[in-house]
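Peer 1: the following comprises the amino acid sequence and a computationally predicted model.
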Amino acid sequence: MKKYITMTIFLVLFITSEVLAQTPGDTLWTRTFGGSALDQGWSLQQTSDGGSIITGVTESYGAGLEDILLIKTSAEGDTQWIKTFGGEQDDGGCSVQQTTDGGYIVAGYTSSSGAGSVDALLVKVDSLGNQVWQETFGSWGSDGARSVQQTSDEGFIITGWTWSYGTVMGDLWLVMIDSQGNEEWNTSFGGTGYDRGFSVQQTTDGGYVATGWTDSYGAGNDDVWLVKADFQGNEEWNKTFGGSGRDQGQSVQQTTDGGYIITGYTRSYGAGDDDVWLIKTDSLGIEDWKMTYGGVYSDVGYSVQQTNDDGYIIAGHTLSFGAGVHDVFLIKADALGDTLWTRAFGGSNIDIGNSVQQTDDGGYILAGYTRSYGAGNYDVWLLKIEGEGIQLNPPRNLFVTDAGYSTWDPPASRDLLGYNIYIDSVLVDFTTDLYYQYTDLTNNQTYLAGVSALYDDGESEIIEYQFTYLETCVENVIIHEAKLIDNYPNPFNHITTISFTTLNFDKRKEITIYNLKGQIVKQLVKEQLSEGKHSVVWDGKDEVGNEVPSGVYFYKLICGEYNVTKKMLLIR
């Protein structure tokens with residue numbers, strides 16, 4: 001026999017148990033860091049504790065004219081520690097990444113040490129920002145690093161520019177470094193013109209892809225350049241993108257389909273002086289599609305990341321929109337590059353967004369610098385931006401999906417306070433009052449609303465929820481006993497975190513990793529767990545501890561009748 005239990009609720013859009021959520025792209029909070037002189041943020045990454053690591057340049061602190069600035073913050077953006085690195089001359093940090101040992105690697109440039117006028121600089125620090133080692137790379141000329149990534153063998157790959165090696169005008173540069181900072185090889189790519197590297201990533205086949213720009217090849221003044229190298233730095237192919245104007249690539253990432261996404265800017269296409277440019281290619285660098293974003297003035301993209309919905313988030317600056325001279329520009333696009341929303345952030349002065357990343361709560365974290373706010377000439381600017389999803393923060397969660405309509409007479413009521421119910425990613429908020437209003441956004445009509453829970457006598461399990469508009473119809477929704485959250489980061493090259501939320505049902509939960517053939521790689525979870533949010537880390541190894549190769553893998557959560565599978569990309 002089945003019994004019905006009902007309680008009246010209010011359906012509200014985009015609300016958490018703690019704070020009202022904003023429209024996607026809205027600012028949740030901002031922080032500035034700096035002193036009376038110039039301080040700029042160039043690169044950030046969300047850290048494993050939910051905080052952020054930011055690198056850039058500072059004139060307010062340190063030993064020289066400019067020093068590398070390294071800032072660690074909490075998940076709320078509060079300062080945990082600040083470090084500077086450098087000598088008496090100019091030194092700057094261009095790229096930062098958390099390493100597998102919990103520390104950080106910073107890549108940039110130095111005029112204070114090394115063999116030439118400017119050398120590439122790599123600084124390894126521990127989890128508290130204390131220097132472990134520091135190495136320079138280069139020779140007599142000007143050489144610098146713009147991007148760093150830890151590789152599958154615990155070493156590091158950097159890209160940037162070199163005048164010391166290659167052709168006379170400067171080349172795109174790849175340098176492979178071991179875990180202790182020793183150079184293993186370096187390779188330059190270029191012709192008779194100016195060629196630069198701005199972003200590098202290890203690919204699923206163990207090689208590397210870099211983007212930047214080339215004046216030696218292509219159709220125009222500068223062209224976006226995509227270079228693919230094998231694991232020893234030997235060129236496999238290169239592609240140019242552009243027209244008769246200046247076109248430059250600033251950021252590249254391998255996508256979950258094995259292709260690549262590039263952002264930068266174009267003067268050859270679009271609506272204005274410069275437009276943000278987004279280029280999607282296949283695994284061989286052949287263009288799938290390209291999109292421009294911007295207005296009649298200068299708009300530039302500096303950072304791109306594929307998001308959990310297979311779309312893209314792009315950060316840069318805009319002169320066409322916003323409140324000031326330059327504003328931070330944030331663009332959310334779908335999987336085909338079509339604009340979902342854009343935002344400009346800033347005041348009356350210059351504000352730039354240099355680096356963006358999707359966070360594990362589905363929102364975004366963005367770093368750059370601001371002259372509109374803060375303490376000095378320029379300050380490092382950190383912004384937390386609302387994403388498309390709900391930030392899961394409640395004591396207990398019930399996840400439901402729409403299942404149709406029928407008529408129904410409500411039975412007796414029962415107190416279900418303390419539960420949060422999500423209907424199609426919308427939080428249904430229980431309260432002590434009897435009736436609340438529900439506004440249907442499809443027709444802008446307002447209704448009084450109630451909900452009922454259908455229980456099974458045998459195990460006291462909620463079978464389904466029935467949502468009543470107290471007019472003539474009822475919306476039936478099926479409840480799930482758990483929710484699987486997208487793994488983070490994705491793609492990843494060492495470790496990734498898989499999170500899921502479960503109800504307090506006495507059922508075993510399983511998280512299993514599969515390869516493309518459907519074979520079990522590793523079972524991460526197989527146990528009974530209490531209600532709430534849980535996380536498990538996969539280190540890219542199988543059941544016996546062997547590293548699995550690069551490629552696409554699937555992770556499945558089973559909890560009672562709930563069974564869902566998601567995809568992730570491992571890059572070594």
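Peer 2: The structure has been received and is ready for your questions.
Peer 1: then stretch 361-372 to CSV, C-alphas only?
Peer 2: Taking only C-alpha atoms (Å, rounded to 0.1, in the frame of the first residue of the first chain), the coordinates of stretch 361-372 have been written out as CSV:
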residue,chain,number,x,y,z
ASP,A,361,30.5,24.9,-8.1
GLY,A,362,29.7,25.6,-11.8
GLY,A,363,30.6,29.3,-11.5
TYR,A,364,33.7,31.2,-12.7
ILE,A,365,36.7,32.8,-11.2
LEU,A,366,38.5,35.5,-13.1
ALA,A,367,41.7,37.4,-12.5
GLY,A,368,43.2,40.5,-14.1
TYR,A,369,43.8,44.0,-13.0
THR,A,370,41.9,47.2,-12.3
ARG,A,371,42.6,50.9,-12.3
SER,A,372,39.1,51.8,-11.3
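Peer 1: pLDDT below threshold where in the stretch 251-400 of the chain?
Peer 2: 389-400 (pLDDT under 70).
Peer 1: please repeat the previous calculation with a cut-off of 90.
Peer 2: The stretch 251-400 of the chain contains residues with pLDDT under 90 at 256-257, 271-273, 308-310, 323-325, 359-362, 376, 387-400.
Peer 1: got the domain ranges for the protein?
Peer 2: 2-13+395-480, 482-570 (automatic domain parsing).
Peer 1: mean pLDDT lowest where, among the ones you listed?
Peer 2: Among these, domain 2-13+395-480 carries the lowest mean pLDDT, a mean of 37.
Peer 1: contacting residues for Ala115?
Peer 2: With contacts defined as Cβ atoms under 8 Å, 6 or more residues apart in numbering, the neighbours of Ala115 are Thr136, Gly138, Ser139, Trp140. Where C-beta positions appear, they are placed from N, C-alpha and C, glycine not excepted.
Peer 1: of the residues you listed, buried ones?
Peer 2: Thr136, Gly138 (16 or more other Cβ atoms under 10 Å).
Peer 1: so Thr211 bridges to which residues?
Peer 2: Residues in a beta bridge with Thr211, per DSSP bridges, are Ser199, Leu226.
Peer 1: contacting residues for it?
Peer 2: Residues counted as contacts of Thr211 (Cβ under 8 Å, 6+ apart) are 197-199, 224-227, 249-252, 260, 262, 264.
Peer 1: of those residues, which is the nearest to Ser147?
Peer 2: Checking the contacts of Thr211 against Ser147 with Cβ to Cβ, the nearest one is Ser199 at 4.7 Å.
Peer 1: pull up the gap between the closest one and Ser152, please.
Peer 2: 18 Å (Cβ to Cβ, to the nearest Å).
Peer 1: looking at these two now, which is surrounded by more residues?
Peer 2: A direct count of neighbours by other Cβ atoms under 10 Å for Ser199 and Ser152 places Ser199 higher, at 25 against 17.
Peer 1: where does the more buried one land on pLDDT?
Peer 2: Confidence per residue is given as pLDDT, and for Ser199 that number is 98.
Peer 1: check contacts around it.
Peer 2: Shown here is Ser199, whose contacts under the criterion Cβ under 8 Å, 6+ apart are Arg146, Ser147, Thr159, Ala210, Thr211, Gly212, Gly249, Gln250, Ser251, Val252.
Peer 1: out of the residues you listed, name the ones that lie in helices.
Peer 2: Using DSSP state H, the subset of these located in helices is empty.
Peer 1: switch these over to TSV; also include distance to Ser127.
Peer 2: Listed next are these as TSV, based on distance: Cβ to Cβ, whole Å:
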residue	distance to Ser127
Arg146	25
Ser147	22
Thr159	26
Ala210	29
Thr211	30
Gly212	31
Gly249	33
Gln250	29
Ser251	26
Val252	28
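Peer 1: mind checking which of those are buried?
Peer 2: Judged by neighbour count, with 16+ other Cβ under 10 Å as the criterion, the buried members of these are Arg146, Ser147, Thr159, Ala210, Thr211, Gly212, Gly249, Gln250, Ser251, Val252.
Peer 1: wait, which of the residues you listed is closest to Glu510?
Peer 2: Comparing those against Glu510 with Cβ to Cβ picks out Val252 as the nearest, at 36.2 Å.
Peer 1: just the buried ones among the contacts of Ser199 now: which is nearest Gln80?
Peer 2: In terms of Cβ to Cβ, no member of these lies closer to Gln80 than Ser147, at 24.6 Å.
Peer 1: residues contacting that closest one?
Peer 2: Contacts were defined as Cβ under 8 Å, 6+ apart; by that measure Ser147 touches Cys94, Ser95, Ala107, Ile158, Thr159, Gly160, Gly197, Phe198, Ser199, Val200, Ala210.
Peer 1: that one bridge partners, please.
Peer 2: Thr159.
Peer 1: now do it, the pLDDT please.
Peer 2: Note for Ser147: predicted pLDDT of 98.
Peer 1: what's the answer for Ala63, then?
Peer 2: The score at Ala63 is 89. That number is its pLDDT.
Peer 1: list the contacts of it.
Peer 2: Counting by Cβ under 8 Å, 6+ apart, Ala63 makes contact with Thr84, Gly86, Gly87, Glu88.
Peer 1: element containing the residue nearest to Lys526 when sequence neighbours are not counted?
Peer 2: Excluding its sequence neighbours, the residue lying closest to Lys526 (Cβ to Cβ, 6 or more residues apart in numbering) is Glu510, at 5.1 Å. The secondary structure element spanning Glu510 is strand 508-514 (assigned by DSSP states H and E).
Peer 1: who does that strand touch, helix- and strand-wise?
Peer 2: Packing partners of strand 508-514 (3 or more Cβ pairs under 8 Å, 6 or more residues apart in numbering; DSSP states H and E): strand 496-502, strand 520-528, strand 532-538, strand 551-559.
Peer 1: list the buried residues for the third one?
Peer 2: By neighbour count on 16+ other Cβ under 10 Å, the buried set for strand 532-538 is His534, Trp538.
Peer 1: same deal with stretch 111-121?
Peer 2: Applying a neighbour-count criterion of 16+ other Cβ under 10 Å, the buried positions in stretch 111-121 are Ser111, Ser112, Gly114, Gly116, Val118, Asp119, Ala120, Leu121.
Peer 1: quick one, strands of the stretch 51-200 of the chain?
Peer 2: Using DSSP state E, counting those that start in this stretch, the strands assigned to the stretch 51-200 of the chain run over residues 52-58, 67-73, 79-85, 91-98, 104-110, 119-125, 131-137, 143-150, 156-162, 171-177, 183-189, 195-202.
Peer 1: and those: which comes nearest Ile498?
Peer 2: Of all the strands of the stretch 51-200 of the chain, it is strand 91-98 that lies closest to Ile498, at 17.8 Å by Cβ to Cβ.
Peer 1: distance from the closest one to the middle of the chain?
Peer 2: A distance of 17 Å separates the centroid of the chain from that of strand 91-98, by Cα atoms, centre = their mean, to the nearest Å.
Peer 1: direction included, what does it pair up with?
Peer 2: Looking at strand 91-98 with DSSP bridges, what it pairs with is strand 104-110 (antiparallel).
Peer 1: tell me how far the strand it pairs with lies from the chain's centre.
Peer 2: Counting by Cα atoms, centre = their mean, strand 104-110 is centred 21 Å from the centre of its parent chain.
Peer 1: alright, calling it a day.
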